[in-house]
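Participant: this is the structure alone, sequence omitted:
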Ligand code: FES
Ligand code: FES
(Lines give C-alpha, C1' and ligand atoms only; values in the text may rest on other atoms or scores of the structure.)
(Ligands and ions follow the chains in the order given, each with its own letter.)
Protein backbone atom coordinates (compact mmCIF):
# COMPACT_ATOMS: atom_id res chain seq x y z
CA UNK A 1 0.00 0.00 0.00
CA UNK A 2 1.34 3.44 -0.89
CA UNK A 3 2.71 5.32 2.11
CA UNK A 4 4.01 8.86 2.53
CA UNK A 5 7.75 8.92 3.25
CA UNK A 6 10.13 11.82 3.75
CA UNK A 7 13.59 11.39 2.29
CA UNK A 8 16.68 13.55 2.55
CA UNK A 9 18.20 13.66 -0.91
CA UNK A 10 21.16 15.84 -1.85
CA UNK A 11 20.53 18.04 1.15
CA UNK A 12 16.82 18.63 0.54
CA UNK A 13 13.75 17.04 2.12
CA UNK A 14 11.57 15.20 -0.37
CA UNK A 15 8.17 13.69 0.33
CA UNK A 16 7.05 10.76 -1.79
CA UNK A 17 4.01 8.52 -1.70
CA UNK A 18 5.10 5.03 -2.71
CA UNK A 19 4.92 1.39 -1.70
CA UNK A 20 7.54 1.04 1.07
CA UNK A 21 9.06 -1.95 -0.72
CA UNK A 22 9.80 0.05 -3.87
CA UNK A 23 13.52 -0.02 -4.68
CA UNK A 24 15.12 3.34 -3.91
CA UNK A 25 16.43 3.46 -7.49
CA UNK A 26 12.90 3.70 -8.89
CA UNK A 27 11.98 6.44 -6.44
CA UNK A 28 15.08 8.47 -7.29
CA UNK A 29 14.61 8.13 -11.03
CA UNK A 30 10.84 8.08 -11.45
CA UNK A 31 9.57 10.22 -8.57
CA UNK A 32 12.46 12.62 -8.02
CA UNK A 33 13.80 12.69 -11.61
CA UNK A 34 17.36 12.04 -10.49
CA UNK A 35 18.54 9.98 -13.44
CA UNK A 36 22.25 9.76 -12.57
CA UNK A 37 21.88 6.37 -10.87
CA UNK A 38 21.15 3.74 -13.52
CA UNK A 39 19.43 0.36 -13.64
CA UNK A 40 21.98 -2.23 -14.72
CA UNK A 41 21.71 -5.73 -13.33
CA UNK A 42 19.03 -5.10 -10.71
CA UNK A 43 20.83 -7.66 -8.51
CA UNK A 44 23.45 -5.62 -6.63
CA UNK A 45 26.19 -6.96 -8.89
CA UNK A 46 27.20 -4.13 -11.23
CA UNK A 47 27.18 -0.83 -9.31
CA UNK A 48 25.38 1.30 -11.92
CA UNK A 49 22.73 2.24 -9.35
CA UNK A 50 25.10 3.25 -6.53
CA UNK A 51 24.51 6.26 -4.26
CA UNK A 52 25.89 7.28 -0.88
CA UNK A 53 23.76 6.66 2.20
CA UNK A 54 25.20 8.56 5.16
CA UNK A 55 28.46 8.59 3.21
CA UNK A 56 28.57 4.87 2.40
CA UNK A 57 27.87 3.35 -0.97
CA UNK A 58 24.69 1.32 -1.34
CA UNK A 59 23.04 -0.46 -4.24
CA UNK A 60 19.70 1.25 -4.75
CA UNK A 61 18.30 -1.47 -7.02
CA UNK A 62 17.89 -3.77 -4.00
CA UNK A 63 17.34 -1.20 -1.24
CA UNK A 64 13.68 -0.69 -0.24
CA UNK A 65 12.87 3.00 0.04
CA UNK A 66 11.45 2.43 3.53
CA UNK A 67 14.97 1.59 4.73
CA UNK A 68 16.48 4.97 3.95
CA UNK A 69 14.04 7.40 5.53
CA UNK A 70 15.86 9.73 7.91
CA UNK A 71 19.26 9.07 6.33
CA UNK A 72 21.28 11.31 4.01
CA UNK A 73 21.12 10.16 0.40
CA UNK A 74 23.67 11.58 -2.04
CA UNK A 75 23.42 10.90 -5.75
CA UNK A 76 25.90 12.02 -8.37
CA UNK A 77 23.74 15.12 -8.84
CA UNK A 78 24.53 16.08 -5.23
CA UNK A 79 28.32 15.74 -5.40
CA UNK A 80 29.03 19.41 -6.23
CA UNK A 81 27.03 20.54 -3.19
CA UNK A 82 28.79 17.94 -1.03
CA UNK A 83 32.17 19.35 -2.06
CA UNK A 84 30.99 22.95 -1.64
CA UNK A 85 29.89 22.12 1.90
CA UNK A 86 33.18 20.36 2.71
CA UNK A 87 35.22 23.31 1.44
CA UNK A 88 32.84 26.05 2.65
CA UNK A 89 32.64 27.49 -0.87
CA UNK A 90 30.64 30.64 -1.49
CA UNK A 91 27.27 30.33 -3.21
CA UNK A 92 28.75 31.75 -6.42
CA UNK A 93 31.72 29.36 -6.32
CA UNK A 94 29.57 26.36 -5.57
CA UNK A 95 27.40 26.98 -8.63
CA UNK A 96 30.38 26.64 -10.95
CA UNK A 97 32.48 24.02 -9.14
CA UNK A 98 32.17 20.31 -9.73
CA UNK A 99 33.29 17.77 -7.16
CA UNK A 100 36.99 17.02 -7.87
CA UNK A 101 36.05 13.46 -8.72
CA UNK A 102 33.66 14.67 -11.42
CA UNK A 103 36.26 17.12 -12.72
CA UNK A 104 38.92 14.40 -12.83
CA UNK A 105 36.53 12.13 -14.76
CA UNK A 106 36.20 14.91 -17.35
CA UNK A 107 39.92 15.70 -17.43
CA UNK A 108 40.84 12.04 -17.91
CA UNK A 109 37.97 11.56 -20.38
CA UNK A 110 36.92 8.40 -18.54
CA UNK A 111 33.42 7.67 -19.85
CA UNK A 112 32.76 5.82 -23.07
CA UNK A 113 29.03 5.03 -23.17
CA UNK A 114 28.87 6.46 -19.62
CA UNK A 115 26.24 4.08 -18.29
CA UNK A 116 28.30 2.78 -15.37
CA UNK A 117 30.11 6.01 -14.54
CA UNK A 118 27.73 7.51 -11.99
CA UNK A 119 28.31 4.47 -9.79
CA UNK A 120 32.06 4.57 -10.43
CA UNK A 121 32.26 8.18 -9.22
CA UNK A 122 30.21 7.38 -6.12
CA UNK A 123 32.75 4.70 -5.18
CA UNK A 124 35.63 7.08 -5.86
CA UNK A 125 34.11 9.68 -3.54
CA UNK A 126 33.66 7.11 -0.79
CA UNK A 127 37.21 5.79 -1.22
CA UNK A 128 38.79 9.25 -1.13
CA UNK A 129 36.78 10.25 1.92
CA UNK A 130 38.49 7.43 3.82
CA UNK A 131 41.84 7.30 2.06
CA UNK A 132 43.11 10.58 0.56
CA UNK A 133 46.13 8.97 -1.11
CA UNK A 134 45.21 5.46 -2.27
CA UNK A 135 47.69 3.22 -4.04
CA UNK A 136 46.79 1.62 -7.37
CA UNK A 137 46.14 -1.66 -5.56
CA UNK A 138 43.83 0.08 -3.08
CA UNK A 139 41.93 1.73 -5.93
CA UNK A 140 41.56 -1.61 -7.72
CA UNK A 141 40.39 -3.20 -4.49
CA UNK A 142 37.76 -0.51 -3.89
CA UNK A 143 36.23 -1.14 -7.31
CA UNK A 144 36.45 -4.92 -7.23
CA UNK A 145 36.58 -6.55 -3.81
CA UNK A 146 35.49 -4.11 -1.11
CA UNK A 147 31.74 -4.55 -0.51
CA UNK A 148 29.41 -3.54 -2.08
CA UNK A 149 31.74 -3.71 -5.10
CA UNK A 150 32.33 -4.99 -7.78
CA UNK A 151 31.66 -2.24 -10.26
CA UNK A 152 31.43 -3.43 -13.83
CA UNK A 153 32.13 -1.44 -17.00
CA UNK A 154 31.29 -3.14 -20.27
CA UNK A 155 33.29 -0.48 -22.13
CA UNK A 156 36.45 -1.36 -20.22
CA UNK A 157 37.28 2.05 -18.75
CA UNK A 158 39.10 0.57 -15.76
CA UNK A 159 42.57 1.99 -16.52
CA UNK A 160 41.17 5.49 -17.01
CA UNK A 161 39.26 5.20 -13.73
CA UNK A 162 42.51 4.52 -11.86
CA UNK A 163 44.08 7.62 -13.45
CA UNK A 164 41.04 9.73 -12.60
CA UNK A 165 40.95 8.61 -8.97
CA UNK A 166 44.63 9.52 -8.62
CA UNK A 167 44.01 12.90 -10.26
CA UNK A 168 41.04 13.59 -7.99
CA UNK A 169 43.02 12.54 -4.93
CA UNK A 170 45.76 14.99 -5.81
CA UNK A 171 43.24 17.81 -6.34
CA UNK A 172 41.48 17.05 -3.06
CA UNK A 173 44.82 17.14 -1.24
CA UNK A 174 45.38 20.58 -2.76
CA UNK A 175 48.39 19.50 -4.82
CA UNK A 176 49.07 20.99 -8.24
CA UNK A 177 49.38 18.56 -11.13
S1 FES B 1 21.68 -2.11 -11.01
FE2 FES B 1 22.12 -2.10 -8.90
S3 FES B 1 24.01 -3.14 -8.75
FE4 FES B 1 23.46 -3.36 -10.85
S1 FES C 1 31.50 3.46 -19.84
FE2 FES C 1 30.15 2.10 -20.85
S3 FES C 1 29.66 0.60 -19.35
FE4 FES C 1 31.20 1.81 -18.42
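Facilitator: Nice, I can see it. Just so we're clear, the structure is a prediction, and the values are computed from it rather than from any experiment. Ligands and ions are numbered 1, 2, ... in the order given.

Participant: which non-adjacent residue is nearest the residue positioned nearest the centre of the chain?
Facilitator: In the chain, the residue lying closest to the centroid (Cα atoms, centre = their mean) is residue 122, at 2.5 Å. Once flanking residues are discounted, residue 122 sits nearest to residue 50: 4.3 Å by Cβ to Cβ, 6 or more residues apart in numbering. (C-beta placed from N, C-alpha, C; glycine too.)

Participant: now residue 152
Facilitator: Closest to residue 152 by Cβ to Cβ, 6+ apart is residue 46, at 4.5 Å.

Participant: on that earlier part again, what are the phi and psi values at the residue nearest to residue 122?
Facilitator: Phi and psi for residue 50, reported as degrees, to the nearest 10, are phi -70, psi 140.

Participant: quick check: it touching residue 37?
Facilitator: Yes: at 6.8 Å, residue 50 counts as touching residue 37 under the criterion of Cβ atoms under 8 Å.

Participant: this protein: helices as residue ranges?
Facilitator: For the chain, the helices defined by DSSP state H cover 24-26, 79-87, 91-95, 100-107, 117-130, 136-144, 158-172.

Participant: picking up where we left off before, if I look at the residue nearest to residue 152, how far off is residue 126?
Facilitator: Residue 46 sits 17 Å away from residue 126 when distances are taken as Cβ to Cβ, to the nearest Å.

Participant: between those two, who's got more neighbours?
Facilitator: residue 46 (22 against 19; other Cβ atoms under 10 Å).

Participant: quick one, phi/psi of the more buried one?
Facilitator: For residue 46, the backbone dihedrals (degrees, to the nearest 10) come out as phi -120, psi -30.

Participant: thinking residue 163 is in contact with residue 105, fair?
Facilitator: No: with contact defined as Cβ under 8 Å, residue 163 does not reach residue 105; the gap is 10.0 Å.

Participant: neighbour count winner among these two?
Facilitator: Counted by other Cβ under 10 Å, residue 163 and residue 105 do not tie: residue 105 has more neighbours, with 26 against 17.
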